[in-house]
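**Q** What follows is a predicted structure for the sequence shown.
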Amino acid sequence: MNLAQKIHETAVNYDIKPAIVFEDKSYSFTDIDREVGRYASVLKKLGISPGDRVAFQLDKCMEFIFLHLANLSIGGITLPLNSGYQTDEVEYFLSDSGSALFVTDSNRYQTQQPMLEKLGVKVAVVNDTAEAGATSLPALLKKVDSATEERDFSTGDDDIAVICYTSGTTGRSKGAMITHRNLVANMLDLENIWRWTDNDVLLHILPLFHVHGLFVALHGALNAGSTVIMHDRFDPGRTWRTLAEKGCTMMMGVPTIYQRLMNEWDKLLEKPDLSSLRVFISGSAPLSVNLFARFEKATGFKILERYGMTETGMNTSNAYNPAGRKPGSVGFPLPGVRLKIVDGEGKDAVPGEIGEVLLQGDNVFKGYWQMPDKTEESFVDGWFRSGDLGYQDPDDGMRVYLAGRAKELIITGGYNVYPKEIETVLETHRAVKECAVIGLFDEDFGEKVTAAVVLKEGFYKADPAEIITFCKGKLAAYKCPKTIYFIDELPRNAMGKIQKNQLVEMYK
Ligand code: MCA
Ligand code: AMP
């Protein structure tokens with residue numbers, strides 16, 4: 001089934017019920033369905049046909065939602081791009097995916113225009129203003145006859161719905177091809193396991209360009225007929241007030257969000273009334289046992305932790321019953337997910353032994369866009385290799401714990417950063433001879449991107465702030481080192497491989 005069709009069917013059912021309240025403006029299910037229909041007509045007018053990739057780089061806004069659902073409903077493939085990506089990054093995603101259309105705003109368009117002209121990609125902006133070389137969506141929308149219905153939901157099941165780019169160990173991002181089946185199956189699993197209903201009011205504070213905010217939170221809520229209270233960005237004080245005042249029943253966040261909520265809680269003279277809440281959900285990065293305990297002590301709620309990946313959607317979840325939630329554990333495989341742990345030789349691990357987490361099920365993606373070798377490498381005997389290390393507790397029903405990563409990955413505030421990509425950029429700086437990027441513990445972000453840099457001969461000193469600014473011109477800010485250490489020589493083993501664990505020991 002087509003994901004947008006599933007949501008359209010719910011919309012027809014729920015009619016004038018508020019579906020999304022975005023920054024205090026309320027949209028009923030019918031409003032959203034109507035706008036999705038109009039945007040579908042506009043996308044058709046712009047020449048989008050089934051299988052075309054349509055990339056969006058937008059701040060959090062309703063247009064993002066209308067465009068995404070409209071695109072899926074006419075068979076297009078959505079490419080959601082992080083709003084912080086810089087021109088070089090966007091260029092790579094547009095050209096690698098061969099996008100037929102790029103939707104952005106006037107400001108970004110003006111910055112990126114030379115690159116977009118070079119690529120020759122069609123551009124539409126969400127602003128009213130006419131931009132040379134770009135179509136104004138509001139202007140096109142005015143010409144749309146709302147009686148015309150272009151949605152045919154002709155794609156579904158194993159057709160690609162979304163391509164999410166995830167960075168990789170080689171530094172070259174890979175487009176994960178996520179199908180309609182993946183989205184629908186995972187969404188229904190979560191509806192069931194988290195007992196999602198049309199009585200729910202979800203507070204949405206996450207970005208829309210990732211699996212967590214788009215699939216888990218938004219698709220899930222629209223499908224269940226719940227109401228979403230959506231903030232355009234996360235603000236801890238506002239979050240507590242909204243949870244208390246708007247009758248929210250659910251909230252989802254990454255550990256950094258929960259950490260900041262706790263810091264804010266300690267400052268509040270009057271604590272918010274959380275009596276309407278039924279569940280707080282965390283994922284995208286490890287939730288520390290301390291934070292779990294701190295949150296429970298303050299609010300009385302045990303955070304429900306779940307584990308997912310772009311390539312697989314959600315894999316495991318703690319139990320809905322709070323008594324079945326254990327700090328430090330990501331719970332049990334979802335009903336539609338098969339999970340096993342294998343040792344270094346690929347054999348099933350002895351229960352309790354740490355090994356790599358392998359996954360199977362309708363949630364598992366189709367492969368990496370135009371990278372058959374990478375796709376092949378990431379599967380073994382039909383199982384997807386997560387690159388996460390974990391174990392299952394045989395004394396607790398094979399409950400899953402994660403225990404680190406086989407892949408060299410830094411997770412900062414719920415965003416993934418692969419060191420190689422940052423090292424490649426750093427090494428283009430005129431003063432940098434070589435470098436190594438590591439993740440160091442950080443109270444706020446969980447891990448913070450940190451670089452050890454060896455300067456070229458002749459550069460006796462360099463300004464870390466200037467190097468960081470250099471990186472920010474080429475990479476989204478969250479990927480850039482927060483700290484740079486200068487070092488005479490990088491520690492290497494006998495094979496010449498950089499010993500990053502030694503750097504972590506030195507700087508932690
Ligand atoms: C912002 N900054 C960061 C991060 N976010 N630095 C490192 N890591 C980050 N995550 C930096 C900015 O570059 C900027 O630095 C400064 O912090 C302030 O930026 P601002 O935009 O104001 O940040 P914020 O609003 O405070 O954002 C923090 C945040 C945000 C709310 C925690 O990072 C966030 O929404 N994270 C959630 C990410 C997420 O949705 N992940 C799901 C991926 P400067 O001033 O120096 O420029 S999906 C996934 O992982 C799987 C499937 C799963 O299981 O869910
Ligand atoms: P992404 O590539 O953004 O989809 O990030 C997926 C990765 O985030 C996983 O492979 C894990 O390493 C990590 N992750 C997601 N949820 C959790 C969790 N609850 N605990 C620990 N790590 C997690």
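**A** All right, it came through fine. Ligands and ions are numbered 1, 2, ... in the order given.
**Q** By proximity to ligand 1, which residue of the stretch 401-508 of the chain wins?
**A** The nearest approach of the stretch 401-508 of the chain to ligand 1 comes at residue 413, 2.3 Å away (CB to the nearest ligand atom). From N, CA and C alone the C-beta is placed, and that goes for glycine too.
**Q** Please determine how far that residue is located from residue 443.
**A** Computed as CB to CB, to the nearest Å, the residue 413 to residue 443 distance reads 12 Å.
**Q** So for those two, which residue has more residues nearby?
**A** Each of residue 413 and residue 443 has its neighbours counted (other CB atoms under 10 Å); residue 413 has more, 20 against 11.
**Q** rewinding a little: I figured the residue of the stretch 401-508 of the chain closest to ligand 1 hits residue 254, correct?
**A** Yes: between residue 413 and residue 254 there is a contact at 6.4 Å, judged by CB atoms under 8 Å.
**Q** Tell me which other helices or strands the longest helix along the chain touches.
**A** Secondary structure of the chain per DSSP state H: the longest helix is helix 29-45. Helices and strands in packing contact with helix 29-45 are listed as helix 3-14, strand 18-22, helix 62-73, helix 137-142; criterion 3 or more CB pairs under 8 Å, 6 or more residues apart in numbering; DSSP states H and E.
**Q** For the residue lying closest to residue 219 once chain neighbours are set aside, I want the exact helix or strand it lies within.
**A** For residue 219, ignoring the flanking residues on the chain, the nearest one in space by CB to CB, 6 or more residues apart in numbering is residue 187 at 5.3 Å. Element membership for residue 187, per DSSP states H and E: helix 180-193.
**Q** Ok, residue 448 next?
**A** Following DSSP H and E, the helix or strand that holds residue 448 is strand 446-455.
**Q** which strands and helices sit next to that strand?
**A** Secondary structure elements in contact with strand 446-455, counted by 3+ CB pairs under 8 Å, 6+ apart, are strand 410-412, helix 419-426, strand 432-442, strand 483-486, helix 500-507.
**Q** by how many degrees do the second one and helix 500-507 diverge?
**A** In other words, helix 419-426. Relative orientation of helix 419-426 versus helix 500-507 (axes from the mean of the first three to the mean of the last three CA atoms, to 10 degrees): 70 degrees.
**Q** Pretty sure residue 187 sits against residue 218.
**A** No: checked against CB under 8 Å, the pair residue 187 and residue 218 is beyond contact range at 10.1 Å.
**Q** what about whichever residue of the stretch 1-150 of the chain sits closest to ligand 2, neighbour count?
**A** Each residue of the stretch 1-150 of the chain has a distance to ligand 2, by CB to the nearest ligand atom, and the smallest belongs to residue 82, at 10.8 Å. Other residues within reach of residue 82, judged by other CB under 10 Å, total 18.
**Q** how about it, secondary structure?
**A** The three-state assignment at residue 82 reads coil, by DSSP: H, G, I helix; E, B strand; the rest coil.
**Q** In the stretch 251-400 of the chain, which residue sits nearest ligand 2?
**A** Shortest the stretch 251-400 of the chain-to-ligand 2 distance, computed as CB to the nearest ligand atom: residue-wise this is residue 310, at 3.4 Å.
**Q** so that residue sits right up against residue 164, yeah?
**A** Yes: the pair formed by residue 310 and residue 164 meets the contact definition of CB under 8 Å, at 4.8 Å.
**Q** Comparing these two, which residue is more hemmed in?
**A** When residue 310 is set against residue 164 and neighbours are counted by other CB under 10 Å, the residue ahead is residue 164, at 23 against 18.
**Q** can I assume the more buried one sits in a strand?
**A** Yes: the assignment for residue 164 is a strand, going by three-state DSSP.
**Q** for it, what are its contacts?
**A** Neighbour list for residue 164: 79-80, 175-176, 178, 210-211, 310 [criterion: CB atoms under 8 Å, 6 or more residues apart in numbering].
**Q** and the gap between residue 475 and residue 148?
**A** Note on residue 475: its distance to residue 148, by CB to CB, is 42 Å.
**Q** just to revisit the earlier point, adding distance to residue 7, write the helices and strands packed on strand 446-455 out as JSON lines.
**A** Converted to JSON lines, the helices and strands packed on strand 446-455 look like this (distance: least, CB to CB, whole Å):
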{"stretch": "strand 410-412", "distance to residue 7": "30"}
{"stretch": "helix 419-426", "distance to residue 7": "34"}
{"stretch": "strand 432-442", "distance to residue 7": "37"}
{"stretch": "strand 483-486", "distance to residue 7": "44"}
{"stretch": "helix 500-507", "distance to residue 7": "44"}
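**Q** Quick one: those as CSV, columns for mean neighbour count, mean pLDDT and distance to residue 44 too.
**A** Formatted as CSV, the entries for the helices and strands packed on strand 446-455 read as follows, by neighbours: other CB atoms under 10 Å; pLDDT from 0 to 100; distance: least, CB to CB, whole Å:
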stretch, mean neighbour count, mean pLDDT, distance to residue 44
strand 410-412, 21, 96, 39
helix 419-426, 21, 95, 36
strand 432-442, 19, 96, 44
strand 483-486, 18, 96, 49
helix 500-507, 14, 94, 50
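**Q** At the contact with ligand 2, which residues of the stretch 401-508 of the chain appear?
**A** Contacts of the stretch 401-508 of the chain with ligand 2, taken as CB under 6 Å from any ligand atom, map to 402, 405, 411, 416.
**Q** what sits against the closest residue to the third one other than its chain neighbours?
**A** It refers to residue 411. In this structure, residue 411 finds its nearest non-sequential neighbour in residue 285, 4.4 Å apart by CB to CB, 6+ apart. Applying CB under 8 Å, 6+ apart, one finds that residue 285 lies in contact with 254-256, 411, 413-414, 446.
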